[in-house]
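Novice: got a sequence here, can you model it:
(chains A and B)
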Amino acid sequence: MASQPSDPNKTTPKSQQLFSCDLALSEQEKELNQRLRSLYPAVNEQETPLPRSWSPKDKFSYIGLSQNNLRVHYKGHGKTPKDAASVRATHPIPAACGVYYFEVKIISKGRDGYMGIGLSAQGVNMNRLPGWDKHSYGYHGDDGHSFCSSGTGQPYGPTFTTGDVIGCCVNLINNTCFYTKNGHSLGIAFTDLPPNLYPTVGLQTPGEVVDANFGQHPFVFDIEDYMREWRTKIQAQIDRFPIGEREGEWQAMIQKMVASYLVHHSYCATAEAFAKSTDQAVHEELASIKNRQKIQKLVLSGRMGEAIETTQQLYPSLLERNPDLLFMLKVRQFIEMVNGTDSEVRCLGGRSPKSQDSYPGSPRLFNSPVHKASSSQTYQTSTYYIHKFFFLPAWVKKTLPEGYYKKRDKTTQVSITVSFVLKLIGTPVLTQLSTGPKKYRFLVPIPSHCTAQNNTEVEMEVDHFSNGVSESSSNGFLNGSSTHGIDLEELDSAQSKRQLCGGSQAAIERMIQFGRELQSMSENLRRERGKNSANKKMLKDAFSLLAYSDPWSSPVGYQLDSIQREPVCSTLNSAILETHNLPKQPPLALAVGQAAQCLSLMARTGSGSCAFASVDDYLH
Amino acid sequence: MMACLLEAPLRISVLSEVTATSRHYVDRLFDPDPQNVLQGVIDMKNAVIGNNRQKANLIVLGAVPRLLYLLQQSSSSLELRTECAVVLGSLAMGTENNIKSLVDCHIIPALLQGLLCSDLIFIEACLRCLRTVFISPVTPVQLLYTDPTVIPHLMSLLSRSQHTQEYITQIFAHCCKTPEHQTVLFNHGAIQNIAPLLISPSFKVRMQALKCFSVLAYENAQVSMTLVNVLVDGEQLSQVFVRMMQRDKPIEMQLTAAKCLTYMCRAGAIRTDDNCIVLKTLPCLVRMCSKERLLEERVEGAETLAYLMEPDIELQRIASVTDHLVSMLADYFKYPSSVSAITDIKRLDHDLKHAHELRQAAFKLYASLGSNDEDIRKKITETENMMDRIVSGLSESSIKVRLAAVRCLHSLSRSVQQLRTSFHDHAVWKPLMKLLQNAPDEVLVMASSTLCNLLLEFSPSKEPILESGVIELLCSLTQSDSPALRVNGIWALMNMAFQADQKVKVEIVRALGTEQLFRLLSDPDTNVLMKTLGLLRNLLSTRPHIDQVMSSHGKQIMQAVTLILEGEHSIEVKEQTLCILANIADGNTAKELIMTNDDMLQKIKYYMGHSNVKLQLAATFCISNLIWNEEDGSQERQDKLRDMGFVDILHKLTQASDPNLCDRAKTAMQHTPWWIEALMLWTPFGES
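Specialist: Alright, predicted model coming up:
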């Protein structure tokens, strides 16, 4: 009765009972997915799928599987050790788990209880108990011994039998393994484990039955607590990473990165104040920054028509040379028209301009609060910049000589490299900004704040006197925290009275006309520059909005979300900067991208510490 | 007068080193212009920070009384009073001598008085200084409790600010040393006032509040029972503690939270099978014993774990398989390591300092682990060099290590197998005997208790111990003031007398002396009495021994037996006494002592009809021995007993509901054929 867990639709429900069973199955599947995601967030299952059941293909014939390939029973003669039989899980344990854990419940010890629980590499003989051969490791129930690639066991733990729950934890950071019995850790069993091991169980006498839990149910042992310890350890390692000999250099580099970031995103007042207080030169004229800021504000508030006009005024040849960019801007303009926010339709429409203007004045980046709306969205948006700004990490490759990736003993070096990157882009910048929250957060409205804060502390021994009683820690990396509230307000008011083009007939006509212009522009572009599938899709998606009576709640309604203005805004910004021979993206964003890429490189090379060094953790 | 004379030269020599600037600071405190005084205090504050020499100078020059005077003057500005408190706090941060000087100048009442002021900044400065003074080991803790209004006032200040919270909880955590202190703090609402601080945004406040609970709950059922019902922000306190034991929390916090739960559990407020103990507290404490932890943490972790599982076999079993604890503890004996001695003097110093503490903690934990389960004891004795370590631990200079080692040995001595094997192989009795010669009472109690087990009949160590002249030693223990020692002394003698040679028995009686024996029979401690009776019973076994002992001490023994049977004693004591009587009845000549004593026979008769089966059994046993018909004079005895009405009683007992009693009565009747006839005659009546 082995049913396919992966495809519950194939089984045709004949009775009500069967149907509810299917429901329960999908419920379990959902719980499994949820648990695996929360336990191993760094694992990319496209690349390295997690073990979810025993493999019906990778087992000895004396092994029988049931209950969605989670239950294992012995069906051989069980006369001699030659009758031993094992089964491996569907997939090896991905290194990006950092710490991996599964549990096995002994349903019946059968005749003699010769059961082994452990790990083995692909290809190890399955006519054996785990632990007896090279690249095979096991803990046996009859004597409580551990078997480390050897036919003779070492005294390890207590024996186990019917009713016991045995857990196996693989630490992919230090390549060790420990077992648990009924929720109690039994201590390290194996060290120096090779990579890519599969969860494995072996049985040897009739009647032996065990159930696996790869995350289908809550674990008896508190594995999350163990993971917390390792997360803290890795993060402490990163925090303590030495930052070079000449400290001034380090400081200057960070300041440069912060300054370039501020300039790039046109926080001109902040950038100016920051440059002044840190004694740096700004490599772009203030007027130019202000211009870019002006254009960005227009884009982000949905006033695309004005934004295009202003760009053409300030940078006359820019859009002519970039017809694709212009097309993209126009498509966005069309969307904003549907939205009722574009300047051209706004003057025709019924909504008050004030409420339409109130898009936050600053572009939000990696982790602005809105991005956290739903988990799937978080994933997309947070990786957006990383992918977009990703620049082949040539320097990463340079620091790692050929063959590095395969040498496991050198993986620590890789992790050190990443901790350096993280240190570079994460902690210090955060510290820089969070140690003086008042200093930078309100700089835009009141730049004079900057210099007033340098109070010198004379008292050192008096440890608490200078500080107030309640010190709220700063949550500010970006200027976003205060604008969050306003944004929501706008969203609410917009939702309550959203109508096509703001509800004005004249505006709708203008929008239709603009659509036609856009269509012909697209055709011209194709004639002149050949087919461009990206452009085609962009236009098709935009036009699809008109196919729905309520475009906002339609499948293509996401385009109307103000978040979609951000990629447009940053593409335009980068294009402008390029004409000034300035970098397309700030070094800070570049470093973030490099760090993220480095982490996925670590995952591929089997360095488990990448699990606990997520770049996102450092960007809030 | 004398003191002054002696002190004078010292003072001058110190003074000569005092720089002019120090004097200048003190002089400015006496300036008539209050503004100048304030500036002077501020300058002094900046001068003393981190400068122990300057601090000592100012104290010698008498700055403290003047600062205290300024602090207490209501005419001083608040700013000045605050700065004075800050400077005093700074002085307290120096050496222990500084603290002594400050306490001698009565700084504590002055600062406590200052807490009555309404200004928060000033209160915080006073509290901070008080905190520094109170956490010093040289300050008498009692000073906090002298004025009964102080504790309630401190409780009321807890709501003022995070700083008052931190300082006050820190003071409480350091000054709660006795059950009386616990009660005072408890009665003034410590639990309700401090519980909310466990979720304070400040780590320091959380930590100190947690420490408060650990000292409050220690061996205190009242506090512990209250704690389990406390809710913090809707959550049970035990759950708050569990969260504080999470593995990403600072070690200090994990360890202290585990202590709180341990104390609550030992006080009976949390069951030992509660998940928060089994799955959280115990594993957390085992982690504290790991090699990764600091030596201090490992000591505390092991001691707390030993305390947690001492009374519970299930916890002992779990701990024994958790994270290789048994072999992990073996590492505790490896300090200072040979590496540290060569490479790093500082490390060697550190290791040496903690070596004793580590060893005694490990012994304690082994003792606790092995106190019930035979398999665990085996596992412990099989740990590398374990028995050698215990043997050398018994003769270490540190009393703490000796005590812990003997506790460990005692725990392991409960194993029959270990007594027969490892104990004998390592001749543990030798250092144990040495330890018994001259040791404080607590060591003696443990050592003599262990000796009791080593003297058990099957122990191969029994012989060599006997030959080492242990009897005198044990007899002297029975004269101790400590009931525990008297019990152990007599207990050991009892074990020794069990199935012993005539020679040994005679030696015991001689060494103990009948006088002492009878003194022990009227001992106020029931345990002592029980073991003394046990000794008597063992002495009075096998017929020749019975007759011999009774011929020389019969009169006194019969007297003692009478006395006990007539006195107010527990069933167990009386049973044991009747058993002695039964043994006497087994003797050839000795039984006459009973037969000729009608009073005693009446007593036996009485107990045969007692409501307690055990006493009936013992008394029947006695009669059974008296009428045994294979001996001379049995006929006469039977006649006499029949005349006294024992037949009726025995007959009744053959109908008893207790099968043992029934059997015993029937056996007795079989020795008297004519009694059986009587029985047959009477049976129909009994049935009708």
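
Novice: use CA for all of it now, contacts and neighbours both
Specialist: Will do.

Novice: which positions in the stretch 251-400 of chain B make contact with chain A?
Specialist: When proximity is defined by Cα under 8 Å from any Cα of the partner chain, the stretch 251-400 of chain B lies next to chain A at B:279, B:283, B:318, B:321-324.

Novice: quick check on those: which are buried?
Specialist: Taking 16 or more other Cα atoms under 10 Å in any protein chain shown as the criterion, what is buried in those is B:279, B:283, B:318, B:321-324.

Novice: give me the residue from the stretch 151-300 of chain A nearest chain B.
Specialist: Residue nearest to chain B within the stretch 151-300 of chain A: A:Gly187 (3.6 Å; Cα to the nearest Cα).

Novice: in the residues of the stretch 251-400 of chain B next to chain A, find the pair that's most separated.
Specialist: Across these, the longest distance by Cα to Cα is 16.2 Å; it joins B:Leu279 and B:His324.

Novice: let me know the pLDDT of B:Glu630.
Specialist: On pLDDT, B:Glu630 comes in at 67.

Novice: the one 5 residues further on too?
Specialist: Model confidence at B:Gln635, given as pLDDT, is 75.

Novice: okay, now it: neighbour count?
Specialist: Neighbours of B:Gln635 under the rule other Cα atoms under 10 Å in any protein chain shown: 15.

Novice: residue contacts, B:Gln73?
Specialist: For B:Gln73, the contact set (Cα atoms under 8 Å, 6 or more residues apart in numbering or on different chains) is empty.

Novice: and the gap between it and B:Arg377?
Specialist: For B:Gln73, the distance to B:Arg377 equals 67 Å [Cα to Cα, to the nearest Å].

Novice: now do the strands in the chain.
Specialist: Chain wasn't specified; assuming chain A. A:54-59, A:63-66, A:71-74, A:85-89, A:99-109, A:116-121, A:136-140, A:145-148, A:154-155, A:165-171, A:176-181, A:184-190, A:197-203, A:208-213 (DSSP state E).

Novice: hm, I was asking about chain B
Specialist: Going by DSSP E, chain B shows strands at B:231-232, B:235-236.

Novice: give me whichever of the ones you listed is most buried.
Specialist: strand B:231-232 (a mean of 16; mean count of other Cα atoms under 10 Å in any protein chain shown).

Novice: how about whatever residue of chain B ends up closest to chain A, nearest residue that isn't a chain neighbour?
Specialist: Closest contact between chain B and chain A, by Cα to the nearest Cα, is at B:Asp323 (3.6 Å). Distances taken as Cα to Cα, 6 or more residues apart in numbering or on different chains place A:Gly187 nearest to B:Asp323, at 3.6 Å, with adjacent residues excluded.

Novice: which ones are touching residue 144?
Specialist: With no chain named, the answer covers chain A. By Cα under 8 Å, 6+ apart, A:Gly144 lies in contact with A:155-160.

Novice: oops, I was thinking of chain B
Specialist: Per Cα under 8 Å, 6+ apart, neighbours of B:Leu144: B:150-151, B:175.

Novice: mind doing that once more with 10 Å?
Specialist: With contacts defined as Cα atoms under 10 Å, 6 or more residues apart in numbering or on different chains, B:Leu144 is in contact with B:108-109, B:112, B:130, B:134, B:150-151, B:171-172, B:175-176, B:181.

Novice: who wins for neighbours among those residues?
Specialist: Among the contacts of B:Leu144, B:Phe172 has the most neighbours (other Cα under 10 Å), with 28 neighbours.

Novice: that one and B:Met253, how far apart?
Specialist: Distance, B:Phe172 to B:Met253, by Cα to Cα: 17 Å.

Novice: give me the number of residues near the residue nearest to A:Leu325 when sequence neighbours are not counted?
Specialist: Closest residue to A:Leu325 apart from its sequence neighbours, by Cα to Cα, 6+ apart: A:Leu319 at 6.7 Å. Neighbour count of A:Leu319, defined by other Cα under 10 Å: 19.

Novice: how close does A:Leu319 sit to A:Leu577?
Specialist: Distance from A:Leu319 to A:Leu577, by Cα to Cα: 13 Å.

Novice: likewise B:Leu477?
Specialist: To A:Leu577, B:Leu477 is 96 Å away according to Cα to Cα.

Novice: more neighbours, these two?
Specialist: Taking other Cα under 10 Å, B:Leu477 and A:Leu577 do not tie; B:Leu477 has more neighbours (23 against 19).

Novice: show the contacting residues for the residue nearest to that one when sequence neighbours are not counted.
Specialist: Of all residues beyond its chain neighbours, the one nearest B:Leu477 is B:Gly489 (5.1 Å), with distances taken as Cα to Cα, 6+ apart. Taking Cα under 10 Å, 6+ apart, we find B:Gly489 in contact with B:445, B:448-449, B:451-452, B:471, B:473-480, B:483, B:528, B:531-532.

Novice: Provide a ChimeraX selection command restricted to the buried entries of the residues you listed.
Specialist: To isolate the buried subset of the contacts of B:Gly489 in ChimeraX, counting by 16+ other Cα under 10 Å, use the following:
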select /B:445,448,449,451,452,471,474,475,477,478,479,483,528,531,532
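
Novice: okay, and which of the contacts of B:Gly489 map to helices?
Specialist: If you go by DSSP state H, the contacts of B:Gly489 have B:445, B:448-449, B:451-452, B:471, B:473-477, B:483, B:528, B:531-532 in helices.

Novice: rewinding a little: what would the contacts of B:Leu144 look like in a markdown table with pLDDT?
Specialist: Shown next, in a markdown table, are these (pLDDT from 0 to 100):
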| residue | pLDDT |
| --- | --- |
| B:Ile108 | 96 |
| B:Pro109 | 95 |
| B:Leu112 | 95 |
| B:Leu130 | 97 |
| B:Phe134 | 96 |
| B:Val150 | 96 |
| B:Ile151 | 97 |
| B:Ile171 | 97 |
| B:Phe172 | 97 |
| B:Cys175 | 96 |
| B:Cys176 | 96 |
| B:His181 | 97 |
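
Novice: residue contacts, B:Glu463?
Specialist: By Cα under 10 Å, 6+ apart, B:Glu463 lies in contact with B:454-455, B:457, B:496.

Novice: which of these are buried?
Specialist: Buried among the contacts of B:Glu463 (16+ other Cα under 10 Å): B:454-455, B:457, B:496.

Novice: report the central residue of chain B.
Specialist: For chain B, the residue nearest the mean C-alpha position is B:Glu442 (9.2 Å; Cα atoms, centre = their mean).

Novice: how about it: what's its closest non-neighbour residue?
Specialist: Among residues not flanking B:Glu442 along the chain, B:Leu403 sits closest, at 7.5 Å (Cα to Cα, 6+ apart).

Novice: I figured that neighbour hits B:Ala367, correct?
Specialist: No: counting by Cα atoms under 10 Å, B:Ala367 is not a contact partner of B:Leu403; they are 11.0 Å apart.

Novice: higher neighbour count, the two?
Specialist: Between B:Leu403 and B:Ala367, counting by other Cα under 10 Å, B:Leu403 is the more crowded of the two (27 against 24).

Novice: not counting sequence-adjacent ones, nearest residue to B:Leu626?
Specialist: Using Cα to Cα, 6+ apart and skipping residues adjacent in sequence, the residue nearest B:Leu626 is B:Ala585, 5.6 Å away.

Novice: cool, B:Leu517 as well?
Specialist: Nearest non-adjacent residue to B:Leu517, counting by Cα to Cα, 6+ apart: B:Thr532, 7.4 Å away.

Novice: and if you look at A:Arg346?
Specialist: Closest residue in space to A:Arg346, ignoring its immediate chain neighbours: A:Gly340 at 6.1 Å, by Cα to Cα, 6+ apart.

Novice: fine by me, thanks again.
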